[in-house]
Structures are given as C-alpha cells and as structure tokens.
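Peer 1: Requesting a structural model of the entry that follows:
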Amino acid sequence: MLVRSVLVAMSLAVLSPGLAAQDPVSLLPPMEWRSIGPDRGGRSIAVAGHADRPFEYYFGATGGGLFKTTDGGTTWTPVTDGEVGSASVGAVAMAPSDPDIVYIGMGEVQLRANVLQGDGVYRSDDAGKNWRHLGLAETHAIGRIRIHPTDPDRAYVAALGHPFGPNPERGVFRTTDGGETWERVLFRDERTGAVDLVMDPSDPDVLYATLWQVYRKPWRLWSGGEGSGIFKSTDGGDTWTEITRNPGLPDGVLGKITMTVSGADPNRVWANLEAERGGLYRSDDAGRTWEFVNGHRDIWQRAFYFQRLAADPVDRNTLYILNFRLMRSTDGGLTLESVPESHVDHHDLWIDPTNPLRMINGNDGGGVVTVNGGRTWTSMRVPTAQIYRLATTADFPYHVCGAQQDNSTVCVSSEPAHLRDPRGVSTEWMYPVGGGESGYIAPHPADPDIFYAGATNTLTRYDRTTGMATDIQPWPRIVMGEPARDMPERWNWTYPIAVAPAPPHALYVGSQHLWRSLDEGRSWEKISPDLTRAEPETLGDSGGPIIKDQDGPEIYGTLYSIGLSPHEPETIWTGSDDGLVHVSRDGGGNWQDVTPPDMPPHTRVMTIDVSPHRPASAHVAGIRYEMDDRAPYAWRTDDYGARWTRIDDGIPDGAFVRVIREDPERAGLMYAGTERGVFVSFDAGSSWSDLSFELPDTPVTGLSVEARDLVISTHGRSFWVLDDIETLRQLDADLAGADVHLFRPADAVRRSVPAVIDFRVSAPERHVRLDILTDEREHVRTLVDEIVEGGTHRVRWDLRYRGAVTFPGIVLEGGDPSVGPWAPPGRYLAGLTVGDVTREASFDVRLDPRLGDLPAVALTDQFRLAMAIRDAESRANESVILVRDLLSQIDAIVSRADDAGLRDEVSGFAAGIESVAGELYQLRNQSPKDKIAFPIKLNDRLTGLRSHLERGDGTPIDAYQAVFNELSAELEVHLQALDDLLSDDLPRLNRRLTGAGLPRIEVDPAE
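Peer 2: Alright, predicted model coming up:
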C-alpha cells in the first residue's frame, strides 16, 4: 500500500500517449523550464495605469512580455506568457471607460541596434487573464495606442513599421469595432512610420500624430528625412492636416518628434524635435503657432532612443521630459529639474489624470510606481533582464553568468532558491564579474574564481576571491563618437571572448583581428589578418543626417564569434558580423575562408559550435533580422568547412537562430536557441522540434549543456534551466510502440541533485509499482504503487529513505519525522513493475564534490545511526498511535458501561496507557507554539537528534551515539511499561468486559 505522504518529496505527472509518435519530443515526460533570475528588471518602454484602480498597473518588458501589479508595484506577475506571439511590448493602454479592457502593441520604436520586433496588436477584456490577436502583424513596431475615453472599441495605433526595411503597414491605424477591422488613416510612405500619437484629454476627436523617417542597418542608424512631420486631426482621424511647418517650428530636416497636450489647457501643446535647432517647442493655440522654449541637449540627446513628453493633467505649466534622466519643468519648459529616479534611461510615463502625484515610469530598469510625485519609487525585482550571452562556471552547483543590458554583468546560482537557504526562504544570490552591460563573460575553465568579461572600451580579468577586476585590453585605445573606418581595432558592442579548455588555457578576443594571450591578458599577440569583409560602405558614420550616434553598436566589420576545438588546440574558428567564416588548423598561422556558399552577405555569425564528438564537425548559426530578413539560418560541416549543409528545417520563419549547441553526451542531439524559444534536433540538425514547453515567448541568446541540465539566457526574461534532460538523450521514435520502458536515470548528488526516473507505459489504466533498491537489492523506498494513465511519467526521488511512522496532527520541535534519512553514496536500482513485466535501471548517488575526500565510512556511520534513530522514532510513534486507538475504543465502551466499578477499572487502564503515551509524545500539543508551553517528550528528542545529525555530512561525533543510547534506554522503559499494561492488565480487563456483555478492547494485530 502506498503511503500518500511519500509523494510530498516527489512529483508524478503524465504526458498523453496520443501525441504524434514521429515527433520524439512527444515521448518526453512533462518537463518545465525553471527561472533562476536574476530578479533584476530590464528595459521597459511602455507603462499604463488607470484612475479608478490606484493599485493596478502594467509595464511592458522589451523581450519579456507584459507584467501586471495589483498591489501598487510591490509584486509583478507576467500576464501574456503563452498568450502572445512575440516578446517585446512597445505600447500598452487601459480603456478609460473600462479598466478590464487592455490593448498592447508589440515591437519597439526606441530603435536600439538590438531592437525586438513584434506581431501587431492584442486585446484583453478580463484585465490581462486572456488575450486575443487583433492583427497588424506586419507593423513590427508599435509606439502608441490611444483609446477613446467612452468607447473602448474605438482605438488608434501609431505603427512605425519595419525598422530595417520599407513596408506599407505603417502610420496611424484606427478601429471602431474593438480590433475586428483596422483602417489606415494616416500614411506618408513605406519608409516613414508613426512614432507618437496624442489624444486631447478634453476632446477625443482631436489627435496629434508624429511621423518619423528612420531606418537601421547593422552598421548604421539614419534618423530623419522628408517624411518626418507633425499631423493633426479634429474629426477623430477621418482627415489630417500637416502642421510641420507652422510658424515657429524649425526649417530643415526633421528626425524624431514626440508630443503631449496639457490636461489643464487643451491649447497648450508641446513638441520635442530632433532637428538642426532641436529641442522643446510649445504652442498655446493648439498647434497653429509655436515658440522655441528650450534647446538644451539634455532634452533631445539620442532622440532615437528617448525624448518622450508627458504633461501634468492639472497644472498647465508642469511637464515631464523623458531622456537619459527624468526631468520636470514647472514653468512651461523654460527650466528643468531632475526627478529622483530608480534607474537611468526613461521611455514612458503614465500620470493619473485625477491625482498627478501617482505615476508609473518605464525605464531601463523596468516599471516603477510613485505615489508622491516622484520623490520615491517602488523597487524593480522582476526577472526581465536582457542577457547578451551565456556562460556557466565550474562551480558545484554551477553558476550561470551573463552581461545584462542597462546594468552590469551578473552571475547567479543554478540551485533552486530553497536550496540556497536551509530555512526554505527564497533569497536573491548574485554577483558581478567585471566587464559591462554588453559583453561576453568567459569563466576560466580550470579556476572558477577567474572571469574574463568585456564591454565597450574594456576587457577585465576578475578574481572572485579578491573582488578585483583588472583591465587587460589588447589595444586600450578608447573609442566613442567615431566611425569604424577610423578605428585601428574595431571592437564590436559584444565582441567575442573565449578561453581554451586545455592548458595553458589560451585567452582569445576578437576585433577585426583575432588576439591571443597565453598569460591571462598580461601580453597579447595578434594572430590573424582582418577576417571580415570590411566593405567601406559599412564602416562609415552612423546617426545622420541630423546628429551622429556612434557609441559602439554600429561598429561593424568585426569578429562576432570564436569557436575553439575541444579536440585539437590548434584548430580555431571565427565568424564575422558581415558574414564570413574562417578556420585555422595551425593555431592562427594560416587562415582559410570557409564561409558556406549559400550564406548571404551580412549574415551575423552568432555562434560557431565545434562538435564535442567529431573534430572536423562544426555548427554555425547566423541572423539577418537587421537586414529585414527574419528567416532562420544554420549550417553544419563535417570536414572543417570544405562542404556545408543547411540544418534549419523545422524552425519557423521569425524564429531566427541565435545559438546552436551539440549535446556532449549524445552525438547528433542538438539544441538551438532562437528568437522564439528553444528547439531540439535528434538527427544532427536535419529536422527540429520545439522544446520550449511553457517557456515564455522570449529571445534565447545563449545555451549551454551542464551535465543533466539545459541552460539558457534570454533577452528579456533572465536565465532559465530545463532540469534533468537525461531522458531526452535516450529518446527514440521506436519507444512509441513499447509496452513498458524504463529510461536510465542520470546520476544524482546527495543533498543537491535528486534522482529523476522516467518511464513509459503504452496502455491506459495500468497498475505500476516503482521501487528504489540498493545495489544489494535491499528495498529503500516505494515511489509509486497505484494505477496510472498511459504515457510517459516522471518521478523524482529526493534521495531519502522512508521516513519514520507518524500520525495526523503531530507537533514537534525537532523536525519532521516523515522525512527519511539521506541515502549514502553508492549504486542504486530503479525497479519498475507493470503487470508481469519488470524493468530495472541502475544509477549512482554521488557525494557532493565540494566535500572533497570525505571517506565513505563517515557517511556509512552517519546513515546507520540515522536509520537507527528513525526506527526508534517509528516505535515511539507507533505506540502513540496504538494508545490513541485504544483510547478511542475505551471512550465508546465507558459510555455503555452501567457498572461504576467497571467504569473505574476501564478508566484506570486508560490513564495508565495514556501516561505512557504522554512520556512518548507531548499530548497537549495542538498548535506549533504549544511546545513552548508544554515540555517536549521522547519522540521529539529523537526526531531532533536525527535532524541535527544530518545537517551536514561527516562522521557523527561521539555525543550523538551517546545521546541516542540514552534515549533508546528511556524508550525501552516506556515501551516495557506499555507492554506490561497490554499483557497483564488488558486481558484481565477484557474478561470483565466480556462478562458484562461489553465489547473487548482490541489491539490491532498490525500494530
């Protein structure tokens, strides 16, 4: 019989066998991606609140979906996971007339180089619980959604369009039927889109829209042109009048323009312009005439990324300007003051129209709320970090590291939070490792305390033991504000760093050349020619025609990936951002261009993965979304690049491949991290299946296989782990027809890594028994003994033996007796019985490697003592259970006895056995704090002794055995007293009861 409490330490789930047998993923048991943080907010460019709900807000994460709070920003919950088809929220709006109606527009208009594109508009009618797609998928980047104040089905969308190429789905769109249909009501041309849209708070038919002519290529941002301008409608968008050249506005080329209308005075309108005479302009006649108010560069620096405006709803002179800093003017824009902030780089601000002290701000740290006009803001502890690359360390448990956009580098533990703190309290555990927001991190493969990390203008060697980061750049010529053609060494925004796995652990970094250091960065050697196309047209100025913007991301003609062979130290691969692949077989002495013939120019070579199984094999992943090409690209070579095969079949358009890795245990098993999650191939990339499960829709930027885990970094949802992939390595399509199959479990680690046992049964409603046995076939624990459905199942053994017998309502100080002793290291068997079919699979429970050379006998002695204590606990608790049962019988008998003498005799017997039980367990305990008032008893001391014994691994000190001997002797005294009562007094009492025609007091033979 299965003791139900056993399942507390395990999970048992089932996957329906009805899924397509030809897809191996359908044979997997239920698996879940686990978020491991960091709980540190990333960029948000869209926020919303509502006047009627002071504690409810939304913020859109760029790469992480939409988050909601109902407690004023104390906690946030993702509400679009699994509901939307893209990751980046560019606009969010709550209907003024019904706060349950929420619209979101996908894709970013703050056009960084790593901007994420969206798939149109979604709507929720139940405050974010469910979402439906409303179309406009080809708009790709939506900056604003405005909803009519009394009609929630009437809404307007400002769509920028494709950031990297021309398309017609641009401009202002309107719906009057809740998104069922859309009408494009303002359009300039296929290279100009709408970037801002303002609705007059006093008249919803009055709209202001700004158009922006802009495009990006990997090497260039071009902001401004004839298409940029300001438009106004006074009839709800039916007709528009261009007011771009109204009196007071500047002549010449215009770039990005943003606007706002005062809620206190509809005639007061502000515009923030990127222009030769750029800055803040104000109109006091609803846009007919304008005056130049403030041209300080704080207002409109990096216009493509900032410069939104928000007017105070009750004070016509108060205005907020969002840029690198959050600024406020209380004199109509003439002077500025900085508002206290939680993070720099500000993108959106919603102000309560009835209480301007209440706001939500979207910045590069996420969404933050204030209720005091910006004096203080809520914290941002949400895992929406945008991570550029992934690295894992040689620690146990391994740490997961990456550089976070708009923040620092960061490493976090891969352990579940409750294992980091023995009290089960979730704690944040992270640390930086030098470098900066955009770089690679390369942990030293042999020394887990050493990290190499990069970013613009830096490369550091960080020593975790001292906390010291030393700059070790090969060529420390600082660059900023200049084109790539003028740089002796072109260092990409995320230039590659790699460390050789074998001694002397050569360190490699890439500009347009490959550099190598054999002494941890103290000296460097350039070991290659220029390995890029270096086309002159891609090395020029960026940011024109008004203001240049050249701080790193547009530096082009650079190396973007390095692949080091784990087999041959002299074999080195490189990939460039402009579409070249090279290999050297002699440590950099000679280089061969081995670019796949069908790789389009300007394919950014994201990763080169050298097969861990075959020295001549490598896999290449490339992206071209900045060329307005969102197709997946991946290749495989098995002869050092002489021939290539495309290996992206099954990965859909839009899920372009950012990283590709081959499993180190099973040749041909491959994983791909894409713009739309994770994919797996069982045939060396010939076909792919989706492995994302319930992973949020988010770009996957890095991927690593760590023993039995698959680890990823994302650009918007921090780090995730898919635990226990051993069964994935054993999948075979033939398993679909197997009647019973037991997968081989991966090795477990005592205290740290549980044993995961997967099995498959084909027929429905089968009785299954799953046992754990020692290598000597001694029974350890029964995990399953019940009827299960057909399909693939997963059970976790927490590496503990069966716990002590316990009883309902037990209140102890010493711990939980139902939790069994830890299994000692050694070989174990999983035994599966289904009907008359038996399957067995062995696995090891290993010692935590951090314990070094702890002798096996130490844990054997500890285990034996723990088992002896457990058995003593069971004996004590079984006696309490027995007494409880006897007292229950006695209560019924006493109520029926007419003879007062007999009642007294029965009551005396009851008092005797209850007295013994009271020595074994504190019978007065009813609530957790009762043990403070009533002294603990023997079973509590036994449980506490075992709990303390197993707090760590090692030979028990002599005191534990001595105390156990003392408690054992006390237990024997009490059990003998109980046995005397049962063997002497009870038979005599039962004869009296029988003679009186009353039921006997029965001792359950099972007890």
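Peer 1: Where does pLDDT dip in this protein?
Peer 2: Scanning the chain for pLDDT under 70 picks out 1-22, 417-428, 1005-1007.
Peer 1: All the helices of it, residue numbers only.
Peer 2: Using DSSP state H, the helices of the chain run over 297-300, 417-420, 726-730, 856-894, 900-920, 930-933, 938-949, 958-980, 986-995.
Peer 1: could you pull out the strands for the stretch 351-500 of the chain?
Peer 2: Using DSSP state E, counting those that start in this stretch, the strands of the stretch 351-500 of the chain run over 359-363, 366-370, 391-392, 399-403, 409-413, 430-431, 441-443, 450-455, 458-463, 468-471, 497-499.
Peer 1: what's the angle between the second one and strand 359-363?
Peer 2: This points to strand 366-370. Calculated by axes from the mean of the first three to the mean of the last three CA atoms, to 10 degrees, strand 366-370 forms an angle of 160 degrees with strand 359-363.
Peer 1: residues making contact with strand 366-370?
Peer 2: For strand 366-370, contacts defined as CB atoms under 8 Å, 6 or more residues apart in numbering pick out 41-44, 47, 57-59, 61, 67, 69, 72-73, 76, 342-343, 357-361, 376-380, 382, 384. All C-beta spots, glycine's among them, are computed from the backbone N, C-alpha and C.
Peer 1: Restricted to buried residues, select those residues in PyMOL.
Peer 2: Selection command for PyMOL covering only the buried members of the contacts of strand 366-370, criterion 16 or more other CB atoms under 10 Å:
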select buried, resi 41+42+43+44+47+57+58+59+61+67+69+72+73+76+342+343+358+359+360+361+377+378+380+382+384
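Peer 1: one step back: could the helices of the chain go into a markdown table alongside mean neighbour count?
Peer 2: What follows is the helices of the chain, written out as a markdown table (neighbours: other CB atoms under 10 Å):
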| stretch | mean neighbour count |
| --- | --- |
| helix 297-300 | 19 |
| helix 417-420 | 15 |
| helix 726-730 | 20 |
| helix 856-894 | 18 |
| helix 900-920 | 17 |
| helix 930-933 | 12 |
| helix 938-949 | 23 |
| helix 958-980 | 15 |
| helix 986-995 | 14 |
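Peer 1: Mind putting the ones you listed into TSV with distance to residue 666?
Peer 2: TSV is the format used below for the helices of the chain (distance: least, CB to CB, whole Å):
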stretch	distance to residue 666
helix 297-300	55
helix 417-420	28
helix 726-730	4
helix 856-894	31
helix 900-920	54
helix 930-933	53
helix 938-949	40
helix 958-980	45
helix 986-995	64
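Peer 1: what's the closest of those to residue 350?
Peer 2: Among the helices of the chain, helix 297-300 comes nearest to residue 350, with 20.3 Å by CB to CB.
Peer 1: other SSEs contacting that closest one?
Peer 2: strand 269-275, strand 279-283 (3 or more CB pairs under 8 Å, 6 or more residues apart in numbering; DSSP states H and E).
Peer 1: In CSV, list those along with mean neighbour count and distance to residue 668.
Peer 2: What follows is the helices and strands packed on helix 297-300, written out as CSV (neighbours: other CB atoms under 10 Å; distance: least, CB to CB, whole Å):
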stretch, mean neighbour count, distance to residue 668
strand 269-275, 26, 52
strand 279-283, 23, 60
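Peer 1: closest one to residue 720 among these?
Peer 2: strand 269-275 (38.4 Å).
Peer 1: partners of that closest one, with directions?
Peer 2: Strand 269-275 has its sheet partners listed here by DSSP bridges as strand 254-261 (antiparallel), strand 279-283 (antiparallel).
Peer 1: then the shortest one to PDB, C-alphas only?
Peer 2: Think strand 279-283. Coordinates of each C-alpha in strand 279-283 appear next as PDB, following Å, rounded to 0.1, in the frame of the first residue of the first chain:
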ATOM      1  CA  GLY A 279      14.600  70.800 -28.500                       C
ATOM      2  CA  LEU A 280      11.300  71.700 -26.900                       C
ATOM      3  CA  TYR A 281       8.700  73.800 -28.700                       C
ATOM      4  CA  ARG A 282       5.400  75.000 -27.300                       C
ATOM      5  CA  SER A 283       2.100  76.100 -28.800                       C
END
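Peer 1: For residue 408, which residues are in contact?
Peer 2: Residue 408 neighbours (CB under 8 Å, 6+ apart): 432, 435-437.
Peer 1: out of these, which is most surrounded?
Peer 2: When neighbours are counted by other CB atoms under 10 Å, residue 435 leads the contacts of residue 408 with 25 neighbours.
Peer 1: which residue packs closest to it, ignoring adjacent ones?
Peer 2: With sequence-adjacent residues excluded and distances taken as CB to CB, 6 or more residues apart in numbering, residue 435 is closest to residue 453, at 2.6 Å.
Peer 1: So that neighbour versus residue 357, what's the distance?
Peer 2: 41 Å (CB to CB, to the nearest Å).
Peer 1: just how off-centre is stretch 224-242 within its chain?
Peer 2: Chain-centre distance of stretch 224-242: 41 Å, with CA atoms, centre = their mean, to the nearest Å.
Peer 1: buried ones in that stretch?
Peer 2: Residues 224-225, 227-233, 236-237, 240 are the ones in stretch 224-242 that count as buried (16+ other CB under 10 Å).
Peer 1: on that earlier part again, can you say which of the strands paired with strand 269-275 is nearest to residue 628?
Peer 2: Closest to residue 628 of the strands paired with strand 269-275 is strand 254-261 (CB to CB; 20.1 Å).
Peer 1: neighbouring contacts of that closest one?
Peer 2: 195-196, 198-201, 206, 208, 210-214, 223-224, 228-230, 244, 268-275, 278, 303-304, 307-311, 319, 546-547.
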